[in-house]
Structure formats: C-alpha cells, structure tokens
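Q: Fold the following, please.
(one chain, ligands or ions: 1)
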Amino acid sequence: MSQTDPQYKRVLLKISGEGFCPKGEFGIHREQLDRVAGEIHAVVELGVQTAVVVGGGNFLRGDRFADQLGIEIATADYMGMLATVLNALALQEALERLGLATRVQSALAIARVCEPFIRRRAIRHLEKNRIVILAAGTGNPHVTTDSCAALRAAELKADVLLKATKVDGVYDDDPERNPAARLYERVSYNEVIDGRLKVMDVSAIDVCQQHHVPIIVFNLLKPGTMRRAVLGEHVGTRVSES
Ligand code: UDP
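A: So this is what the prediction gives:
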C-alpha cells in the first residue's frame with residue numbers, strides 16, 4: 001500500500017464547536033474555520049468519502065444555558081441545535097472556498113437554508129464525493145452531538161469515527177491540569193465506559209460498540225493529523241473492541 005492509499009473509504013468526522021474559535025473564545029473565527037476546512041480538504045483529496053457532524057458549544061450548550069437563563073432544558077437544547085446550524089453553514093462556505101462540493105443536511109427542518117437529513121440521500125452525496133455536513137444534531141433534546149456522530153457513523157456505514165479534540169487523544173487524567181497524565185494509544189469500548197474516560201458520551205461509545213465503529217481521537221490543532229489517521233498511521237488514541 002502506498003503512502004497515499006487511504007485506510008478508510010468513508011469517515012465520519014466530529015468537530016466540536018470549540019474547533020471554530022480560539023480557546024476560551026466564543027462564536028466563529030476565520031482562522032480556526034479555515035483551519036478546519038483545510039484539514040478536511042486534506043482528507044477529501046485522498047478520495048475519502050467524508051461526513052461531518054458539527055457541535056455548537058462555541059455558541060451555547062443546552063444544560064449550562066438553561067441554568068444561566070432559567071430556560072426549560074429542552075428549549076435550550078433546541079437552541080444548541082440551532083447553534084450547530086450556524087457552524088455548519090460557515091463550514092460549508094469555507095469548504096466551498098477551497099473548491100469542494102458540499103451539502104448541509106439538518107435534523108431540524110430549515111427548508112430554505114439546507115436539506116433535511118435523509119440517510120439514503122446523504123449516502124448518495126457521499127458516493128458522489130460531496131462532503132455532507134450534518135447540522136442540528138439528532139434533532140432531539142437531552143443528547144449531544146457526540147451521540148449524533150455515533151448514530152450517523154452507524155447509519156451511514158462509516159468505517160471510522162474521527163473525533164477531533166484539542167489534545168492528543170484519550171488520557172488517564174485531564175492533560176491540561178495534570179502534565180503527568182498518560183496518553184492511551186489504544187483503549188477498548190468497555191475500558192472507556194467502565195473507566196469513565198473522557199472520550200465521548202457513554203451512549204455514543206455504546207452505539208459505536210454495538211455497530212463496530214472504531215473511534216480515533218486525535219488533535220485537530222496539529223496540522224495533517226487527521227490525514228495521517230486516514231492513511232492508517234497511528235495517531236492519537238484508537239477506541240475499538242480490543
Ligand atoms: N443538542 C441537542 N441534541 C442533539 C445535539 C445537540 O439537544 O442531538 C444541543 C445540546 O444542548 C448541546 C448543544 O446542542 O449542548 C450543542 O451541542 P454539543 O454540546 O454537542 O456541541 P459541542 O460540545 O460538540 O461543541
């Protein structure tokens with residue numbers, strides 16, 4: 001296998017809202033937006049079919065927002081889902097600036113702005129090498145876009161779920177607080193669930209385990225890491241059966 005042969009035919013990438021702004025900041029910033037688009041470009045040019053689930057935490061997270069404003073949690077969650085639509089539309093523009101074909105599909109109907117999420121249609125776009133950006137999470141409150149990423153990875157039959165973070169992978173402690181925290185190269189679904197390791201929501205891990213979708217947790221801030229992961233190099237932490 002040459003160095004430019006991807007290991008995966010179809011990937012699902014999960015980008016948290018924090019990927020769209022500098023650390024501790026709010027909203028969407030041009031530099032970070034273009035960086036995310038550039039990292040996706042590097043994967044797509046390998047011929048890999050790419051779906052992207054975007055988070056919305058750079059605008060708001062339902063639970064915290066509900067507390068702060070005294071809003072019903074479900075309403076705050078719908079607001080969070082709408083925040084992901086903002087990121088999806090910005091990412092679409094950034095990818096199209098790079099000459100890439102994209103479609104945004106939303107789990108909440110926003111007919112004038114984007115398509116609804118339809119599994120078969122999403123797969124057709126992927127087969128035509130269009131990047132499918134999945135907005136509005138699952139369309140249901142009380143879950144997060146991590147769960148959405150796991151569900152979509154399963155139903156779109158992605159070969160791997162690529163979970164972008166701001167650290168190198170999964171650690172036995174918070175690496176930002178504890179410099180001695182140890183990075184796992186590999187970890188099983190059960191170890192993540194039983195050890196309550198901070199990877200994704202437990203429900204998301206459970207879905208990946210049930211549907212045999214491996215997860216690669218990698219550092220979005222290190223250029224080219226996602227491309228290397230897709231080429232089969234060991235990067236970050238791999239979560240799988242064993
Ligand atoms: N959300 C939701 N249902 C979903 C996905 C998201 O209710 O299926 C809401 C929830 O309030 C969440 C917010 O949207 O806090 C933003 O998503 P998330 O926290 O997953 O974004 P990230 O942390 O990845 O930026």
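Q: Which helix in this protein has the most residues?
A: Using DSSP state H, we find that the single longest helix of the chain is helix 73-97.
Q: centre of the chain versus that one, how much separation?
A: In terms of CA atoms, centre = their mean, to the nearest Å, the centre of helix 73-97 is found 13 Å from the chain centre.
Q: How is residue 187 classified with respect to secondary structure?
A: Of the three states, residue 187 takes strand under DSSP: H, G, I helix; E, B strand; the rest coil.
Q: what's the burial count for it?
A: Residues lying near residue 187 (other CB atoms under 10 Å) number 21. (C-beta placed from N, C-alpha, C; glycine too.)
Q: Then the one 5 residues further on?
A: Around residue 192 there are 25 other residues, counting by other CB under 10 Å.
Q: average pLDDT across stretch 145-152?
A: For stretch 145-152, mean pLDDT rounds to 98.
Q: so does that stretch get close to the ligand?
A: Yes. Interface with the ligand: stretch 145-152 contributes 145, 146, 148 (CB under 6 Å from any ligand atom).
Q: about what we covered before: which positions in the longest helix of the chain come out as buried?
A: Neighbour-count burial for helix 73-97, counted by 16 or more other CB atoms under 10 Å, picks out 76-92, 94-95.
Q: just so I have it, where are all the helices in this protein?
A: 30-44, 62-69, 73-97, 119-127, 145-155, 189-194, 202-210, 225-230.
Q: want to throw the ones you listed into CSV with distance to residue 237?
A: Shown next, in CSV, are the helices of the chain (distance: least, CB to CB, whole Å):
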stretch, distance to residue 237
helix 30-44, 18
helix 62-69, 26
helix 73-97, 24
helix 119-127, 26
helix 145-155, 15
helix 189-194, 9
helix 202-210, 13
helix 225-230, 11
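Q: deepest of those helices, which one?
A: Of these, the one with the most neighbours on average (mean count of other CB atoms under 10 Å) is helix 145-155, at a mean of 25.
Q: need the residues of the chain near the ligand, please.
A: So the chain meets the ligand at 16-18, 55-57, 61-62, 76-77, 80-81, 83-84, 137-138, 140-141, 143-146, 148 (CB under 6 Å from any ligand atom).
Q: Residue 36 contacts residue 20, correct?
A: Yes. Using CB atoms under 8 Å, residue 36 is in contact with residue 20, at 6.7 Å.
Q: Need the overlap of contacts for those two.
A: Residues touching both residue 36 and residue 20 by CB atoms under 8 Å, 6 or more residues apart in numbering: residue 91.
Q: Can you list the low-confidence ranges for this structure?
A: Regions of the chain meeting the criterion pLDDT under 70 cover residues 1-3.
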